[in-house]
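Colleague: the following comprises the amino acid sequence and a computationally predicted model.
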Amino acid sequence: MNILHIYISDDHNFYGRHNQPAGEHPMIEVTEAECVAGKGITGDRFFDYKPDYKGQITFFSQEVYEDLCRSLNLVEVLPSVFRRNVIVEGVDLNELIGKEFEIQGIRFLGTVEATPCYWMNGAVAEGAEKAMKGRGGLRAKILTSGTLRA
């Protein structure tokens, strides 16, 4: 598994904002991210969100991103629009649900799919929510601390 991009955001644009306008907090690309066991990524909106939170870090597949760009005719759309932390290639993220895995010496536990919601239709393109079903990425817990690098 190769890390291509790492993103963080200081606050939520969609999460917890049902029936409210979307927030305007950008995803910032960083070259490295400090992962803190049991808490999340330093500087990210989900850092220390709640004890034992299942989505301390999120992963998204470059291959899925490329397929969505083709099928939804997306031009000049960065992978950050999907608001996942780490963009990877070379792995089926769904296979990591319920499993421990390691990247760059850091241990993670894949918990659930990062299920797409209706916000994706506005943030990405009409039809994005449906196109992402079953391949929205992976939510994970951070089991050991360390630094991820793109």
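Modeller: Good, I have the coordinates.
Colleague: and C117, what pLDDT?
Modeller: C117 carries a pLDDT score of 73 in this model.
Colleague: nope, I106 is what I meant
Modeller: With respect to pLDDT, I106 has a value of 98.
Colleague: could you find the closest non-adjacent residue to it?
Modeller: Spatial nearest neighbour of I106, chain neighbours left out: G146 (4.0 Å); criterion: CB to CB, 6 or more residues apart in numbering. Bear in mind the C-beta positions are built from the backbone N, C-alpha and C, glycine included.
Colleague: and the one you found, its phi and psi?
Modeller: phi 170, psi -180 (degrees, to the nearest 10).
Colleague: relative to V91, how far out is it?
Modeller: 19 Å (CB to CB, to the nearest Å).
Colleague: swap in G55?
Modeller: G55 is 18 Å from V91, by CB to CB.
Colleague: then I8?
Modeller: 21 Å.
Colleague: have a look at the two and say which one is more surrounded.
Modeller: Counted by other CB atoms under 10 Å, I8 and V91 do not tie: I8 has more neighbours, with 20 against 17.
Colleague: ramachandran coordinates for the nearest residue to V30 once chain neighbours are set aside?
Modeller: Excluding its sequence neighbours, the residue lying closest to V30 (CB to CB, 6+ apart) is I6, at 5.2 Å. Dihedral angles of I6 (phi, psi; degrees, to the nearest 10) stand at phi -130, psi 130.
Colleague: show me what contacts I6?
Modeller: Shown in contact with I6 (CB atoms under 8 Å, 6 or more residues apart in numbering): 29-33, 85-87, 148-150.
Colleague: closest to C69 out of those?
Modeller: I87 (12.7 Å; CB to CB).
Colleague: next, give phi and psi for that closest one.
Modeller: According to degrees, to the nearest 10, I87 has phi -100, psi 120.
Colleague: the closest residue to it other than its chain neighbours and A37: what is the separation?
Modeller: Take I87 and drop its neighbours on the chain: the residue closest to it by CB to CB, 6+ apart is H5, 4.0 Å away. Distance of H5 to A37, given as CB to CB: 23 Å.
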